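[1] quick one: sequence and predicted model below, then my questions.
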Amino acid sequence: YIPPHCRHFIMLTSPGEACGHWMILLQSASGLRMTCLHRMPVLDTFLINSLLLRADVLDKKNYTLAGLATEQAGITAIPGRLP
(Lines give C-alpha, C1' and ligand atoms only; values in the text may rest on other atoms or scores of the structure.)
Protein backbone atom coordinates (compact mmCIF):
# COMPACT_ATOMS: atom_id res chain seq x y z
CA TYR A 1 0.00 0.00 0.00
CA ILE A 2 1.38 3.37 -1.01
CA PRO A 3 -0.70 6.39 0.03
CA PRO A 4 -1.00 9.36 -2.36
CA HIS A 5 1.47 11.47 -0.34
CA CYS A 6 4.14 8.69 -0.52
CA ARG A 7 5.51 9.36 3.00
CA HIS A 8 5.55 5.65 3.78
CA PHE A 9 4.84 2.18 2.43
CA ILE A 10 3.06 -0.85 3.89
CA MET A 11 4.50 -4.11 2.62
CA LEU A 12 3.57 -7.78 2.95
CA THR A 13 6.44 -10.26 3.01
CA SER A 14 6.09 -14.00 2.64
CA PRO A 15 7.82 -16.63 4.82
CA GLY A 16 11.38 -17.22 3.78
CA GLU A 17 14.98 -17.35 4.84
CA ALA A 18 14.88 -14.30 7.13
CA CYS A 19 11.61 -15.13 8.89
CA GLY A 20 9.26 -18.11 8.85
CA HIS A 21 6.14 -15.93 9.14
CA TRP A 22 4.15 -13.62 6.94
CA MET A 23 4.97 -10.05 8.01
CA ILE A 24 3.34 -6.70 7.47
CA LEU A 25 5.99 -3.98 7.49
CA LEU A 26 5.66 -0.21 7.67
CA GLN A 27 8.57 1.64 6.04
CA SER A 28 9.30 5.33 5.74
CA ALA A 29 9.69 6.66 2.21
CA SER A 30 13.38 7.32 2.86
CA GLY A 31 13.88 3.68 3.83
CA LEU A 32 15.62 4.68 7.06
CA ARG A 33 12.82 3.50 9.38
CA MET A 34 11.01 0.18 9.25
CA THR A 35 8.57 -1.32 11.75
CA CYS A 36 7.01 -4.76 11.80
CA LEU A 37 3.29 -4.24 12.39
CA HIS A 38 2.30 -7.91 12.48
CA ARG A 39 3.72 -11.40 12.10
CA MET A 40 1.40 -14.23 11.07
CA PRO A 41 2.25 -17.94 10.82
CA VAL A 42 -0.64 -18.30 8.34
CA LEU A 43 -1.73 -15.73 5.77
CA ASP A 44 -4.82 -13.92 7.10
CA THR A 45 -6.32 -11.92 4.25
CA PHE A 46 -9.08 -10.52 6.46
CA LEU A 47 -6.53 -9.05 8.86
CA ILE A 48 -4.48 -7.62 5.99
CA ASN A 49 -7.58 -6.03 4.47
CA SER A 50 -8.50 -4.51 7.85
CA LEU A 51 -5.00 -3.08 8.27
CA LEU A 52 -5.01 -1.54 4.80
CA LEU A 53 -8.45 -0.01 5.27
CA ARG A 54 -7.39 1.39 8.65
CA ALA A 55 -4.16 2.75 7.14
CA ASP A 56 -6.18 4.58 4.50
CA VAL A 57 -8.39 6.21 7.16
CA LEU A 58 -5.39 7.20 9.28
CA ASP A 59 -3.55 8.61 6.24
CA LYS A 60 -6.53 10.80 5.44
CA LYS A 61 -6.35 12.10 9.03
CA ASN A 62 -2.64 12.95 8.47
CA TYR A 63 -1.28 10.59 11.12
CA THR A 64 2.49 10.59 11.54
CA LEU A 65 4.50 7.44 10.84
CA ALA A 66 4.80 6.78 14.60
CA GLY A 67 1.08 7.35 15.14
CA LEU A 68 0.22 5.04 12.28
CA ALA A 69 2.47 2.31 13.67
CA THR A 70 0.93 2.64 17.15
CA GLU A 71 -2.63 2.50 15.83
CA GLN A 72 -1.96 -0.41 13.48
CA ALA A 73 -0.17 -2.47 16.13
CA GLY A 74 -3.41 -2.56 18.13
CA ILE A 75 -5.29 -4.49 15.43
CA THR A 76 -4.99 -8.19 16.22
CA ALA A 77 -8.19 -9.81 14.97
CA ILE A 78 -11.54 -9.17 13.37
CA PRO A 79 -14.32 -9.09 16.00
CA GLY A 80 -16.57 -12.13 15.76
CA ARG A 81 -14.24 -14.04 13.44
CA LEU A 82 -12.60 -17.25 14.58
CA PRO A 83 -8.97 -17.91 13.61
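    Received it, and whenever you're ready, just let me know what you need.

[2] going forward, measure contacts between C-alpha atoms and count neighbours the same way
    Noted.

[3] hey, where'd the helices end up in this structure?
    Shown for the chain, the helices assigned by DSSP state H span residues 45-60, 65-73.

[4] can I get these in CSV including mean neighbour count and mean pLDDT?
    What follows is the helices of the chain, written out as CSV (neighbours: other Cα atoms under 10 Å; pLDDT from 0 to 100):
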stretch, mean neighbour count, mean pLDDT
helix 45-60, 15, 87
helix 65-73, 15, 82
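
[5] excluding sequence neighbours, find me the nearest residue to residue 6.
    Spatial nearest neighbour of residue 6, excluding adjacent residues (Cα to Cα, 6 or more residues apart in numbering): residue 29 at 6.5 Å.

[6] what's the one you found sitting at in phi/psi?
    Backbone torsions for residue 29, taken as degrees, to the nearest 10, come to phi -60, psi -30.

[7] I'd say residue 41 and residue 19 touch.
    No - look at residue 41 against residue 19 with Cα atoms under 8 Å: they stay out of range, at 10.0 Å.

[8] next, show the common contact partners of these two.
    Residues touching both residue 41 and residue 19 (Cα atoms under 8 Å, 6 or more residues apart in numbering): none.
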